[in-house]
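Asks: give me coordinates for this.
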Amino acid sequence: MTLTEVLDHAEALVHEDPLVTLWLARAARTLASGRGWTLDPAPGLVSARAALLEGQGLAIDGRLDEALLAVDAARDAFAVAAEPWLALRTGLGRMHILNELGRTTDAVQVGTELLRDIDALEDSGGPQGSMPFAVDWLRASCLTNLGVCHTFAGDYVAAAAVTAAAERHLLALGRLDEIAILRQNQAEQLLAEGRASRARDMFAYAAIGFADAGLSLLEARCLADLGRAHVALGEGAQALDAFGRAERLLEPLDVAAETEQVRLYTAEAYLALNLYEEAALVYREVVESVSASGLAHYHALALAGRGAALAALHRWDDAGTTLEEAADRHDRVGNVPLAIAARVELAAVLDRRGDHDGALDLLRALRAATDGDRHWVERVYVLLGLADVAGTEEASTALVEAASLVDRLGLPPLRFRVDSRLGVLRRRQGRLVEALALLQRAAKGAEDQRGLLPSQLTRTSFLRDKSRTFDELVSLHLDLDPDSADVAFRAAERAKGRALLDLLNTAGAPGVSSGLEPDMSVAPLVAELSAVYDEMLCVATVPQDPAPRDPSPQRRTGELRRCADDLQARLSVARISQIASPEEPLGVGRRLDHEGLRERFDDGTVLVAYHVVGDDVIGFLGVGDRLVARRVTTLTRLAPQLTGLEQHWRLFRAGAAFVERHASRLAAVVERDLHLLARELLGDLQLPPPTAGVQSRLAVVVPPALQGVPFHALQVAARPLVADWEVVTGPSGSVLGSLPPWTYDGAGRSVALAAADSELLEDAVEDAEEDGAVVVASAGNDNRSQRQWPAADDDVV
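Replies: Next up is the predicted model:
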């Protein structure tokens with residue numbers, strides 16, 4: 001077997017097993033440099049090709065600095081072997097690696113120089129050497145990569161211009177498969193611009209193009225991107241479906257790296273939907289899978305994601321250990337940016353678990369390590385983390401530098417984080433008007449960036465920063481004007497997570513299909529678009545010789561391309577119009593202020609909404625058109641009461657005989673707990689008296705920190721709320737206002753149950769019936785219990 005044949009085999013394995021490709025490429029490169037190997041007529045060319053394959057394998061494995069060195073070596077070797085066009089082609093790989101390293105400016109410069117070199121070499125006589133490449137193909141590929149680089153840099157105007165130029169060259173070549181790649185890149189740009197709906201449709205078109213061409217690997221990649229677009233729109237079920245389809249396509253291809261990437265996307269989807277337990281589970285499965293396969297880059301990514309999920313679950317010790325291991329593994333593969341990101345998140349975890357000095361030392365070390373000409377973006381994150389834990393003077397210095405870097409580098413996604421911390425700092429300094437302006441600008445920036453987060457670590461840190469921004473706004477509004485309850489409530493609603501609200505507002509809609517299954521309204525457009533693509537395939541051909549061609553096919557190709565673009569736009573509008581309405585845009589649940597909630601609620605509904613800012617619990621009470629806000633208590637004061645209530649509830653599980661013997665005592669203890677909680681949470685809000693003979697409704701917004709409070713059972717005037725009020729709870733007022741009207745059967749008493757797994761419902765009902773029997777039985781012998789639990793007509797639903 002010649003070394004050329006070895007490299008052919010290695011190239012076929014590059015996506016299936018990049019580590020084997022890397023080993024074979026290095027072996028071939030070593031042998032080609034020796035003097036005794038004579039089966040290959042051009043050992044220099046073999047050495048160059050081996051270096052290029054080595055760079056591919058290293059890049060897939062995440063060892064980007066090593067990959068860049070290998071690709072540079074390949075470029076030099078091709079030049080020595082008198083293959084200038086092959087040497088130029090390595091520029092495509094250099095652009096990709098530099099972009100992945102975050103060096104987008106360098107990547108754009110390489111692409112610009114590559115275009116100039118292509119023109120110069122073409123003018124000097126065209127491709128020379130053993131493997132000529134079409135000029136238009138190389139130019140189109142360079143333009144395509146430039147579009148990606150400009151998108152990453154946030155220069156969307158330049159990205160659109162070079163992408164359009166690339167499409168013209170690809171159409172002239174008849175490369176419809178590469179046009180699908182271009183569509184995929186355009187969708188990436190749309191997603192980066194926040195136009196997720198349009199990006200979703202574009203990804204769907206590209207996936208169909210790959211499917212028609214029989215390119216399963218590219219189709220799977222595109223479906224994975226389609227899933228990311230669904231995540232950005234809050235379409236959780238569709239996202240998971242797209243990821244599942246991608247994984248099924250990849251299974252028979254045996255491409256481990258691609259499969260693990262899709263599974264990582266799946267875990268990130270759970271993370272984006274605030275399903276942290278599910279995310280942690282999937283990340284753990286990926287860790288177990290890649291640890292056996294040796295895919296070090298994906299192993300580190302999975303550990304970082306799992307650490308982020310564990311941090312979101314407040315499992316600080318596990319999160320710290322996992323993030324530390326992730327950072328170490330990123331170090332081993334030379335991925336400095338991701339190693340820094342993991343350590344910044346680790347510092348936040350250290351601070352949350354009480355190791356303030358450890359967090360400060362780590363961030364100061366990272367600041368010193370990033371003090372150079374590289375890793376500017378990572379340095380911004382380090383400075384932001386330092387501002388969170390350092391004293392006022394050091395925090396102020398860090399934020400001034402961070403603001404300067406953000407402005408200089410043109411990083412709008414990070415601007416809101418700087419503004420948020422500056423607002424907190426100004427408030428701490430007593431400069432409240434400045435603080436308000438900064439926090440309001442940060443709040444707008446946070447909402448603009450929703451759904452455009454590139455990794456699991458930036459997503460969790462984004463959620464943390466977003467919550468802090470709105471929390472500060474709520475508190476600051478009340479500091480400036482205690483009567484500004486409406487403004488503070490709007491800020492509190494904006495602080496809540498959007499995923500559930502978006503799902504509620506799109507759950508009843510038919511949704512946009514991941515494929516192009518036609519329905520009655522879009523079928524004609526789909527058929528017309530297919531006919532146009534069929535004609536494009538027939539008209540556009542790759543030129544076989546440099547002789548002048550008949551210009552009429554070129555003109556027809558241009559006409560068809562314009563027609564296809566028009567049809568795609570019309571098809572997108574037709575689909576979106578099926579499920580969007582002017583009142584509720586597609587995929588976006590409308591935030592509701594107090595006035596909007598009053599329109600959704602019945603006249604008799606009273607709103608009680610809680611919002612936690614640091615240790616303070618702020619309560620809002622809405623009765624009719626009046627809304628008031630009070631700082632009702634603190635988490636510190638509530639903690640022992642919630643702990644005591646939980647301990648007392650456990651006594652009811654000690655067995656029926658025990659409960660029956662001590663029913664009166666247990667009821668008195670729990671009643672006292674519920675009375676104390678009611679005094680803390682409702683004492684300053686002063687609920688209106690219930691209307692006699694009418695079941696008044698109470699809508700309660702419960703933040704995560706108060707999930708353990710049984711609001712329906714709180715004791716007010718020696719009666720549980722549920723005795724006089726119909727109580728419904730939710731994570732935000734907007735979610736409660738988005739629910740369909742609920743009804744109440746006043747003829748009897750019922751207990752409504754919910755379980756995460758439907759298979760558990762039968763057990764839950766049995767438990768409720770058993771507990772209910774104890775309560776009802778004891779009620780017959782206790783006048784106080786009889787007042788709380790009317791024994792007649794008790795049901796379990």
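Asks: only C-alpha atoms for contact and neighbour calcs from this point on.
Replies: Fine.
Asks: residues in contact with the nearest residue to L101 once chain neighbours are set aside?
Replies: Nearest residue to L101, sequence neighbours excluded (Cα to Cα, 6 or more residues apart in numbering): L64, at 6.9 Å. Applying Cα atoms under 8 Å, 6 or more residues apart in numbering to L64 gives the contacts L58, I97, E100, L101, G334, N335.
Asks: so what does the spatially closest residue to the third one that is not a sequence neighbour have for phi and psi?
Replies: Nearest in space to E100, with sequence neighbours left out and distances taken as Cα to Cα, 6+ apart, is L64 at 7.7 Å. Taking degrees, to the nearest 10, you get phi -70, psi -40 for the backbone angles of L64.
Asks: can you show me the strands along the stretch 151-300 of the chain?
Replies: With strands called from DSSP state E, counting those that start in this stretch, the stretch 151-300 of the chain shows none.
Asks: can you confirm V628 is in a helix?
Replies: No: counting by DSSP: H, G, I helix; E, B strand; the rest coil, V628 falls outside a helix, being strand.
Asks: who's it bridged to?
Replies: Beta-bridge pairing for V628 (DSSP bridges): L621.
Asks: dump the residue contacts of it.
Replies: Residues near V628 by Cα under 8 Å, 6+ apart: D483, A485, D486, F620, L621, G622.
Asks: need the per-residue pLDDT for it.
Replies: pLDDT, V628: 79.
Asks: hang on, isn't A165 packed against L143?
Replies: Yes: here A165 lies in contact with L143, judged by Cα atoms under 8 Å, at a distance of 7.1 Å.
Asks: which one's more surrounded, these two?
Replies: Comparing A165 with L143 by other Cα atoms under 10 Å, the one with more neighbours is L143, at 27 against 15.
Asks: hmm, that one is touching H169, no?
Replies: No: shown here, L143 and H169 do not form a contact pair, counting by Cα under 8 Å, at 9.4 Å.
Asks: Provide the secondary structure category for the nearest residue to A25 once chain neighbours are set aside.
Replies: In this structure, A25 finds its nearest non-sequential neighbour in A50, 4.8 Å apart by Cα to Cα, 6+ apart. Under three-state DSSP, A50 falls in the helix class.
Asks: so what's A50 up against?
Replies: Contacts for A50 were tallied using Cα under 8 Å, 6+ apart; they are L7, A25, R26, A28, R29, A74.
Asks: could you report the neighbour count for E671?
Replies: Close neighbours of E671, defined as other Cα under 10 Å, add up to 20.
Asks: counting contacts, what elements does the helix or strand it falls within pack onto?
Replies: When elements are assigned from DSSP states H and E, E671 belongs to helix 663-682. Applying 3 or more Cα pairs under 8 Å, 6 or more residues apart in numbering; DSSP states H and E, one finds that helix 663-682 contacts strand 626-634, helix 635-651, strand 715-716.
Asks: can you tell me the closest non-neighbouring residue to A79?
Replies: With Cα to Cα, 6+ apart as the criterion, A79 has its nearest non-adjacent residue at 5.7 Å, and that residue is A87.
Asks: I should have written V702 there, sorry.
Replies: Nearest residue to V702, sequence neighbours excluded (Cα to Cα, 6+ apart): P731, at 5.4 Å.
Asks: and the one you found, how far from E493?
Replies: Distance of P731 to E493, given as Cα to Cα, to the nearest Å: 10 Å.
Asks: the two: who's more crowded?
Replies: A side-by-side neighbour count of P731 and E493, using other Cα under 10 Å, places E493 first with 24 against 20.
Asks: quick check, pLDDT for the more buried one.
Replies: At E493, pLDDT is 70.
Asks: and T743, by the same measure?
Replies: Note on T743: pLDDT of 55.
Asks: residue contacts, L360?
Replies: Applying Cα under 8 Å, 6+ apart to L360 gives the contacts A347, L386, V389, A390.
Asks: out of those residues, which sit inside helices?
Replies: Here DSSP state H is the test, and these give A347, L386, V389 as lying in helices.
Asks: list the residues that contact the second one.
Replies: For L386, the contacting residues are L360, L363, R364, A395, A398, taking Cα under 8 Å, 6+ apart as the criterion.
Asks: for those, which one is nearest L226?
Replies: For these, the closest approach to L226 (Cα to Cα) belongs to L363, at 36.4 Å.
Asks: what separation do you get for that closest one and P337?
Replies: Applying Cα to Cα to L363 and P337 gives a distance of 14 Å.
Asks: same check on L182?
Replies: Separation of L182 from P337 (Cα to Cα) stands at 27 Å.
Asks: who's more crowded, the two?
Replies: The neighbour count for L182 versus P337, taken as other Cα under 10 Å, is higher for L182 (25 against 21).
Asks: that one: what's it in contact with?
Replies: Residues near L182 by Cα under 8 Å, 6+ apart: T144, T163, A166, E167.
Asks: narrow those residues to those that are buried.
Replies: Buried by 16 or more other Cα atoms under 10 Å: T144, T163, A166, E167, out of the contacts of L182.
Asks: can you redo those residues as a markdown table with distance to L19 and pLDDT?
Replies: A markdown table is the format used below for those (distance: Cα to Cα, whole Å; pLDDT from 0 to 100):
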| residue | distance to L19 | pLDDT |
| --- | --- | --- |
| T144 | 28 | 83 |
| T163 | 33 | 77 |
| A166 | 33 | 79 |
| E167 | 34 | 75 |
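Asks: between these, which is closest to Y276?
Replies: Of all the buried ones among the contacts of L182, Y276 sits closest to T144, with 36.5 Å by Cα to Cα.
Asks: and that closest one, what does it touch?
Replies: By Cα under 8 Å, 6+ apart, the contact list for T144 reads V162, T163, A166, L182, N185.
Asks: state the helix or strand in which it lies.
Replies: helix 135-153.
Asks: out of the contacts of L386, which is most surrounded?
Replies: Ranked by neighbour count (other Cα under 10 Å), the contacts of L386 have L363 at the top, with 27 neighbours.
Asks: ok, now which ones touch that one?
Replies: V344, A347, V382, L383, G385, L386.
Asks: now with 7 Å?
Replies: By Cα atoms under 7 Å, 6 or more residues apart in numbering, the residues touching L363 are V344, A347, V382, G385, L386.
Asks: flag the shaky bits of the stretch 101-250 of the chain, pLDDT-wise.
Replies: Counting by pLDDT under 70, the stretch 101-250 of the chain contains low-confidence residues at 123-134, 154, 171, 173-174, 176-177, 192-194, 234.
Asks: switch to 50 and redo it
Replies: Low-confidence segments of the stretch 101-250 of the chain (pLDDT under 50): 129-132.
Asks: skipping adjacent residues, who's closest to S216 in space?
Replies: In space, and not counting its chain neighbours, S216 is closest to L249: 6.4 Å by Cα to Cα, 6+ apart.
Asks: tell me how many other residues surround the one you found.
Replies: As a burial measure, L249 scores 19 neighbours (other Cα under 10 Å).
Asks: same check, this time on A492
Replies: 27.
Asks: could you say which helix or strand holds it?
Replies: Element membership for A492 (DSSP H and E) is helix 485-495.
Asks: pull out the buried positions in that helix.
Replies: Neighbour-count burial for helix 485-495 [16+ other Cα under 10 Å]: A485, D486, V487, A488, F489, R490, A491, A492, E493, R494, A495.
Asks: and the fourth one, what does it touch?
Replies: Contacts here follow Cα under 7 Å, 6+ apart; on that basis A488 touches V474, H477, L478.
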